[in-house]
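Enquirer: Turn this into a model:
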Amino acid sequence: MKELKELWQRCFDDSDEFVDMYFRLCCSHRTAMYIRSGGAIVSSLQMPCYTMTFEGTGIPVAYIAGACTHPGFRGRGLMARLLVESLNRMVRENILLSVLIPAGSGLADYYAKAGFAYAFFRSPARQSVLPAEQGTSAVAVGEGVLHVEYTTVLEPAVANYFIEKTRCRPNYIQHTIADLEAVVADLRMSGGSVSVARSAGRIVGVLFAYPDGGVLKITEWLADDDSLRNRLIDSAARHYRQPEAVWFELPVRSVGEQAFGMARIINAKAILSLYAAAHPREQAAIHLTDEQLALNNGYYYISNGACTFIPEAAEGKDLELKGKHSNVAEGKHLELKGKHSNVAEGKHLELTTHELSVMIFDRIRPYMSLMLE
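Expert: Alright, predicted model coming up:
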């Protein structure tokens, strides 16, 4: 791991403390992909696996992080090659989806060429806080009192509360206790903590946050209801003597909504089958072209809650199958159609993997947080 860590430090501005923590808690040779030249690692990325709820069903996803190339070896196509090798490894390991957070619009365009599309959105929010004494630990809530504690150690009860709450999100990258340990370690380094709200001894809310230049930056929060959420935010901001708190909400298609994460479909048949099952009234006939993963090339028929796939090599069977799915061409439900009016004309949607990702994820609006980006 020493070589991988040294390349990371050469390419990124992260502190030594953060890099040590990240490689200790989040990385392993199992999650690493890299290319050597002259015996030295010159291009690498990490691809730890997560479980994501996709329309309520848990699926395996790989998160691409720390993608970098030694400055002296850039411009030679090494990262493009490494990405393709990583995508093919995901196929072999039955990963259905790959996700990443690009560090700018230029990189987003670069990843789009490999089939990635913006899939994760979030809406910024802020709340002003009235001044109060530092360390306030009790806040009135209804007829009782909300007790708030601040900790830099992840309690099992707090982790379990977080995990149970996020399982209710239908399209979210889930975290394990090990993931949350790394998140809390990162908070410690930033001078932050986990705020834990209890009422009558029971956890009713948790908030991950750190102070930064007069603002409390909240990286995630969960509470039993919005009233408790607001009181928890207020209490944490006062604790850190910050006049304002900022955070991100789940996407609501607002004017200020921000795109921040990308996704790439690895197994189109599996993803479209899950999508069809969750949206039984959706109908579409798709001809998909995937320049990186040939196994996805072919024809997909979504109808009556199911997806049928004919590989590209078997396209001669297309007309026979269409006879069994004649309602697909009637254009009864065109949520997947977008600008491709040929569905209503009885033709296939001609889509790339990037375009398919845009269509699917604009419909389901997934979310991710606490990815240590």
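Enquirer: who's in contact with M368?
Expert: If you count contacts by Cβ atoms under 8 Å, 6 or more residues apart in numbering, M368 has them with V99, F120, Y172, I173, G261. C-beta here means a position set from N, CA and C on the backbone, and glycine is covered the same way.
Enquirer: Please disregard the earlier target; I meant N171.
Expert: By Cβ under 8 Å, 6+ apart, the contact list for N171 reads M52, T53, F54, E55, I364, R365, P366, Y367.
Enquirer: can you tell me the helix or strand for the nearest residue to F120 once chain neighbours are set aside?
Expert: Computed as Cβ to Cβ, 6 or more residues apart in numbering, the closest residue to F120 that is not its neighbour in sequence is G261, at 3.0 Å. Using DSSP states H and E, G261 sits in strand 258-265.
Enquirer: And F162, by the same measure?
Expert: For F162, the element it lies in under DSSP H and E is helix 156-166.
Enquirer: rewinding a little: quick check, nearest of the contacts of M368 to D13?
Expert: G261 (20.8 Å; Cβ to Cβ).
Enquirer: what's the neighbour count on the closest one?
Expert: Neighbour count of G261, defined by other Cβ atoms under 10 Å: 23.
Enquirer: pLDDT at it, what is it?
Expert: In this model, G261 is scored at 97, pLDDT.
Enquirer: what's near enough to touch it?
Expert: Per Cβ under 8 Å, 6+ apart, neighbours of G261: V99, L100, I101, Y118, A119, F120, M368, M371.
Enquirer: So which of those residues are in strands?
Expert: Among the contacts of G261, the members found in strands (DSSP state E) are V99, L100, Y118, A119, F120.
Enquirer: if we take those, which one ends up nearest to G72?
Expert: Nearest member of the ones in strands among the contacts of G261 to G72, counting by Cβ to Cβ, is L100, at 24.2 Å.
Enquirer: pretty sure that closest one contacts Y63?
Expert: Yes: assessed by Cβ atoms under 8 Å, L100 is found in contact with Y63 at 6.7 Å.
Enquirer: Quick check: next helix or strand after the one helix or strand in the chain whose mean pLDDT sits lowest?
Expert: None of the helices or strands of the chain scores lower by mean pLDDT, DSSP states H and E than helix 318-324, at a mean of 44. Moving toward the C-terminus from helix 318-324, the next helix or strand (DSSP H and E) is strand 349-352.
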